[in-house]
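Colleague: sequence and computational prediction follow.
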Amino acid sequence: MTNGGEVRTLNNDFRGIDKTTDVLSFPLHEINPENDFLMLGDIVINAELARERAREYNHSEEREVAFLTVHSMLHLLGYEHEGDKKGEKLMREKQTKILCGLGYGIET
């Protein structure tokens, strides 16, 4: 987790988008030579924005970070929602199922 300024810099450097966002995913998809496990990639969460969103949506920061982590993990697994209504619906359904399984409800 980091702050909005660092997320903005990463977003600009790697995606060419000069603004902050709540979470970034950086796919890696390499095998760890020490244990042969698949490394999916990195997740960077904007802690400042997570706090703001938690207040805005009237739930805990922990729940917001769980949502951002699940959302980002789905991206690392290849799911996409931007400009894709079917993909958006599928991601929303998966997020809901995972978060409910973790004990965090999510509005659909």
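Modeller: Cool, got the structure.
Colleague: so what pLDDT did the residue lying farthest from the centre of the chain get?
Modeller: Seen from the C-alpha centroid of the chain, the residue lying at the greatest distance (Cα atoms, centre = their mean) is Glu34, 26.5 Å away. At Glu34 the predicted local confidence, pLDDT, stands at 97.
Colleague: would Ile45 count as being in a strand?
Modeller: Yes. The assignment for Ile45 by DSSP: H, G, I helix; E, B strand; the rest coil puts it in a strand.
Colleague: quick one: it and Thr20 touch, right?
Modeller: No. Ile45 is beyond contact range of Thr20, at 11.7 Å (criterion: Cβ atoms under 8 Å). Where C-beta positions appear, they are placed from N, C-alpha and C, glycine not excepted.
Colleague: so who does the residue nearest to the spatial centre of the chain touch?
Modeller: Compute the mean C-alpha point of the chain, and by Cα atoms, centre = their mean the closest residue is Ser72, 2.7 Å away. With contact taken as Cβ atoms under 8 Å, 6 or more residues apart in numbering, Ser72 is in contact with 23-25, 43, 45.
Colleague: please repeat the previous calculation with a cut-off of 6 Å.
Modeller: 23, 25, 43 (Cβ atoms under 6 Å, 6 or more residues apart in numbering).
Colleague: do the same with Asn46
Modeller: When the contact criterion is Cβ under 6 Å, 6+ apart, the partners of Asn46 are 4, 7, 22.
Colleague: what about the residue lying closest to the last one once chain neighbours are set aside, neighbour count?
Modeller: Meaning Asp22. Excluding the flanking residues, the one nearest Asp22 by Cβ to Cβ, 6 or more residues apart in numbering is Leu49, at 4.7 Å. Look at Leu49: counted by other Cβ atoms under 10 Å, it has 19 neighbours.
Colleague: minimum pLDDT in the contacts of Asn46, which residue is that?
Modeller: In terms of pLDDT, the least confident member of the contacts of Asn46 is Gly4, at 90.
Colleague: what about that one, distance to His71?
Modeller: Between Gly4 and His71 the distance, using Cβ to Cβ, to the nearest Å, works out to 18 Å.
Colleague: likewise for Leu90?
Modeller: The gap separating Leu90 from His71 is 13 Å, by Cβ to Cβ.
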